[in-house]
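1. I'd like to go over a predicted model; first the sequence, then the structure.
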Amino acid sequence: MLILSRKIDQKICIGDDIVLTIIDVKGDQVKIGVEAPNHVKVYRQEVFSAIQSENTAANNISVDALNKIFK
């Protein structure tokens with residue numbers, strides 16, 4: 001893990017087309033702006049984890065359950 005210190009309005013570049021900008025710092029909260037191409041999906045970690053869990057659960061549906069749905 002790379003750890004960087006940044007101030008408001010300073011940026012971090014990831015690759016050629018992703019830029020993180022420090023927008024605001026208040027107490028223990030930091031607001032970060034993310035500039036990325038439309039094809040790059042950007043999620044908060046907890047949302048990404050929830051999406052992965054839902055996708056895993058959807059992949060584990062039994063054939064019998066699917067047959068009941070589509071009859």
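-> Okay, I see it.
2. Tell me the helix or strand right after the longest helix along the chain.
-> Of all segments of type helix in the chain, defined using DSSP state H, the longest is helix 45-59. Later in the chain than helix 45-59, the nearest helix or strand by DSSP states H and E is helix 63-69.
3. in that next one, what's buried?
-> Within helix 63-69, no residue qualifies as buried by neighbour count (16 or more other CB atoms under 10 Å). Heads up, the C-betas are built off the backbone N, CA and C, glycines and all.
4. quick one: average pLDDT of stretch 35-53?
-> Mean pLDDT, computed over stretch 35-53, is 96.
5. what are the C-alpha coordinates of it, in PDB please?
-> Taking C-alpha atoms only, stretch 35-53 is exported to PDB below (Å, rounded to 0.1, in the frame of the first residue of the first chain):
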ATOM      1  CA  GLU A  35     -12.000  11.700 -12.200                       C
ATOM      2  CA  ALA A  36     -12.100   8.500 -14.300                       C
ATOM      3  CA  PRO A  37     -13.300   7.500 -17.800                       C
ATOM      4  CA  ASN A  38     -16.900   6.300 -18.000                       C
ATOM      5  CA  HIS A  39     -15.800   2.700 -18.500                       C
ATOM      6  CA  VAL A  40     -14.100   2.600 -15.100                       C
ATOM      7  CA  LYS A  41     -16.500   1.800 -12.300                       C
ATOM      8  CA  VAL A  42     -15.800   3.700  -9.000                       C
ATOM      9  CA  TYR A  43     -17.500   2.500  -5.800                       C
ATOM     10  CA  ARG A  44     -17.000   3.000  -2.100                       C
ATOM     11  CA  GLN A  45     -15.500  -0.200  -0.600                       C
ATOM     12  CA  GLU A  46     -18.700  -1.100   1.300                       C
ATOM     13  CA  VAL A  47     -20.900  -0.700  -1.700                       C
ATOM     14  CA  PHE A  48     -18.400  -2.800  -3.800                       C
ATOM     15  CA  SER A  49     -18.500  -5.600  -1.200                       C
ATOM     16  CA  ALA A  50     -22.300  -5.600  -1.100                       C
ATOM     17  CA  ILE A  51     -22.400  -5.900  -4.900                       C
ATOM     18  CA  GLN A  52     -20.000  -8.800  -4.800                       C
ATOM     19  CA  SER A  53     -22.000 -10.500  -2.100                       C
END
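6. Thank you kindly, that will do.
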